[in-house]
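> Sequence first, predicted model second:
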Amino acid sequence: MLEALNKYSGIIAILVYSMILFVIMKIKRNKAEEEEKEHAAVSLDLNDEDATVACLVAAIECRNETHKNVRIVSVREV
């Protein structure tokens, strides 16, 4: 048994590394898909002037407070 393990240790190592890499890539892909679902665009009726102005004002205020780029992800009426 140990002789076979020593003889094929390189192949076993490659298989183990490949499996680990596969699992890591699968986890990253799932996280990316979840983030994409979270940031799914919601359509805004651009003909509704009040909603458009409210979104712009909110984005400007957020930009002024955080000093970072702002992207409107979703809009809902409260």
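Good, I have the coordinates. The structure presented is a predicted model; accordingly, all values stated were derived computationally and were not measured.

> if we look at the helix or strand bottoming out on mean pLDDT in the chain, which residues are touching it?
One helix or strand of the chain scores below all others by mean pLDDT, DSSP states H and E: helix 2-7, with a mean of 76. Here helix 2-7 makes contact (Cβ atoms under 8 Å, 6 or more residues apart in numbering) with Ile12. The way it works is simple: take the backbone N, C-alpha and C, and place the C-beta from them, glycine included.

> ok, and for it, which residues are buried?
Across helix 2-7, burial judged by 16 or more other Cβ atoms under 10 Å covers no residue at all.

> what's the following helix or strand after it?
Next helix or strand after helix 2-7 toward the C-terminus (DSSP states H and E): helix 9-38.

> Any idea how far that next one is from the middle of the chain?
The chain centre lies 16 Å from the centre of helix 9-38; the measure is Cα atoms, centre = their mean, to the nearest Å.

> after it, next one along is what?
Criterion used, DSSP H and E; the element after helix 9-38 is helix 49-66.
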